[in-house]
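> A predicted structure for the sequence below; I have some questions about it.
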Amino acid sequence: MELKIIHFYPDLMSLYGSYANVSVLRRYLEALGCAVTVQAAVPGEGADITGADFLFMGAGTERAQRFAAEDFARYGAAVKAAAEDGTAMLFAGTAMELLGASVTDKDGETYPGIGLASFTTVQGKRRIVGDVYGVTDLFPEAVVGFMNKCGETRGVETPLLTGLSLGFGNEAEKGPEGFHWKNVFASELTGPVLVKNPRLLEAVADAICARRGISLPEERPVFPYAEAGYAITAEQLKLRAEARQ
């Protein structure tokens with residue numbers, strides 16, 4: 001089975017090592033026996049996302065996000081159609097904000113997202129930086145990560161993380177974070193979120209494979225370094241969260 005990944009703006013929207021999300025997902029799918037091709041969507045050059053099995057956009061600065069938004073508008077209808085059809089996708093960091101109705105920058109200027117969901121983001125001059133430890137309905141293990149944003153996202157009806165024990169959510173301390181609908185996974189967590197969270201990597205891969213009718217083995221691929229890193233990080237963040245209660 002050959003699978004196609006579209007990576008939106010890898011040079012523009014790949015802060016904090018978020019490019020690794022595509023790399024680790026590709027390795028995981030190849031370990032399942034799939035052939036995987038990765039196509040970059042570059043600003044100013046149209047990319048055919050028809051038949052894509054996975055769409056990804058990572059974190060960028062707010063300035064880079066604004067530039068990406070202008071080009072990403074051309075894909076809005078196609079991305080929404082793909083989401084409705086069950087295509088798996090991950091939008092991380094500031095890329096998540098582009099799925100909503102609009103983004104208002106710190107100067108008060110508002111520009112549209114693609115409107116996949118109705119939430120809105122308002123960016124301010126206060127930067128929200130810190131570790132995150134939260135829960136999701138997708139699996140029992142905690143989700144860990146790092147937040148670095150200046151926006152509050154309001155009106156998310158179906159968050160990816162239903163609550164946080166540590167960190168700032170979409171619009172409140174320890175509130176719900178991210179966005180999840182069908183096979184759309186979105187979070188303001190930055191960097192290699194799929195590397196840091198092996199169960200989330202599995203959930204994304206499962207969504208890709210289920211849509212293509214790929215049978216999954218009972219024993220899944222295991223990346224020991226990622227499992228060990230997750231265990232250490234989760235334990236440390238859990239202790240910090242408990243100490244602050």
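Yep, it's here.

> List the buried residues in the helix or strand containing residue 81.
Assigned by DSSP states H and E, residue 81 belongs to helix 76-84. Buried residues in helix 76-84, counted by 16 or more other CB atoms under 10 Å: 76, 78-80, 82-83. Glycine gets a C-beta too; all of them are placed from N, C-alpha and C.

> pLDDT for those residues - can I get that in TSV?
Below are the buried residues of helix 76-84 laid out as TSV (pLDDT from 0 to 100):
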residue	pLDDT
76	96
78	96
79	97
80	97
82	97
83	98
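
> Residue 211 sits in which helix or strand?
helix 198-212.

> just checking, next helix/strand downstream of that helix?
Next along from helix 198-212, by DSSP H and E: helix 224-243.

> what sits up against that next one?
With contact meaning CB atoms under 8 Å, 6 or more residues apart in numbering, helix 224-243 is reached by 24, 131-133, 141-142, 144, 165-166, 195-198, 201.

> Now which of these would you call buried?
Among the contacts of helix 224-243, the ones that count as buried by 16+ other CB under 10 Å are 24, 131-133, 142, 144, 165-166, 195-198, 201.

> Show me the residues you listed that map onto helices.
24, 195-196, 198, 201 (DSSP state H).

> Just the buried residues of the helix holding residue 211, please?
Neighbour-count burial for helix 198-212 [16+ other CB under 10 Å]: 198-209, 211.

> okay if I get the contacts of helix 224-243 as TSV plus distance to residue 236 and pLDDT?
Listed next are the contacts of helix 224-243 as TSV, based on distance: CB to CB, whole Å; pLDDT from 0 to 100:
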residue	distance to residue 236	pLDDT
24	21	97
131	9	97
132	13	98
133	9	98
141	15	98
142	12	98
144	9	98
165	13	97
166	10	97
195	17	96
196	12	97
197	15	98
198	17	97
201	20	98
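
> For these, name the two members farthest from one another.
24 and 165 (25.3 Å; CB to CB).

> could you pull out the strands for this protein?
2-8, 35-41, 54-57, 88-92, 102-104, 110-112, 120-135, 143-154, 163-166, 179-181, 184-187, 189-190 (DSSP state E).

> Sweet, I'm off.
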